[in-house]
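Peer 1: take this sequence and fold it.
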Amino acid sequence: MSKPVKKIAVIEKSRSEDLHLSINEFKSHRYLDLRIYCEPYSSKDGGRVPTKRGITVPLDKIGELIAALEGAQEAVNSLTDAPSAGQEQTNG
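Peer 2: You can find the predicted model right below:
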């Protein structure tokens, strides 16, 4: 079982799910863990629990992940800045 080293962030995905980012350790290896937490079907304490849905990233690959996410942000920005199909662009 992995041992949490440091919690980084919790991002609300939906009313019933969160994305947790943390640095974890397993067999003396540290990695970035991005994991979906959800509300269990039956919970007495109301806390969310980790699911199998998620990824682990070796710490030496975080720079590549950040670069890919920045590329994704640029792609999203270009989609939202460009007029959608069927919209006319006007020159004022």
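Peer 1: tell me the strands beside the helix or strand bottoming out on mean pLDDT in the chain, with direction?
Peer 2: The weakest-scoring helix or strand in the chain, judged by mean pLDDT, DSSP states H and E, is strand 3-12 (a mean of 89). Applying DSSP bridges to the sheet, strand 3-12 is found paired with strand 17-26 (antiparallel).
Peer 1: how far away from the center of its chain is the strand it pairs with?
Peer 2: Strand 17-26 sits 9 Å away from the centroid of its parent chain (Cα atoms, centre = their mean, to the nearest Å).
Peer 1: who's in contact with that strand?
Peer 2: 1-13, 30-39, 48, 50, 56, 59 (Cβ atoms under 8 Å, 6 or more residues apart in numbering). Where you see a C-beta, it was placed from the backbone N, CA and C, and this is true even at glycine.
Peer 1: kindly recompute the last result at 10 Å.
Peer 2: Identification of contacts with strand 17-26 by Cβ atoms under 10 Å, 6 or more residues apart in numbering yields 1-13, 30-39, 48, 50-51, 53-54, 56-57, 59, 62.
Peer 1: what residues of it count as buried?
Peer 2: Buried residues in strand 17-26, defined by neighbour count with 16 or more other Cβ atoms under 10 Å: 18-22, 24.
Peer 1: between those, which sits nearest residue 79?
Peer 2: residue 19 (21.8 Å; Cβ to Cβ).
Peer 1: burial measure for residue 37, as a count.
Peer 2: 19 (other Cβ atoms under 10 Å).
Peer 1: I meant residue 32, not that one.
Peer 2: Using other Cβ under 10 Å, residue 32 has 17 neighbouring residues.
Peer 1: ok so it is a strand residue?
Peer 2: Yes: under DSSP: H, G, I helix; E, B strand; the rest coil, residue 32 falls within a strand.
Peer 1: how far away is it from residue 39?
Peer 2: The gap separating residue 32 from residue 39 is 24 Å, by Cβ to Cβ, to the nearest Å.
Peer 1: kindly report the same for residue 48.
Peer 2: Using Cβ to Cβ, one gets 6 Å for the distance from residue 48 to residue 39.
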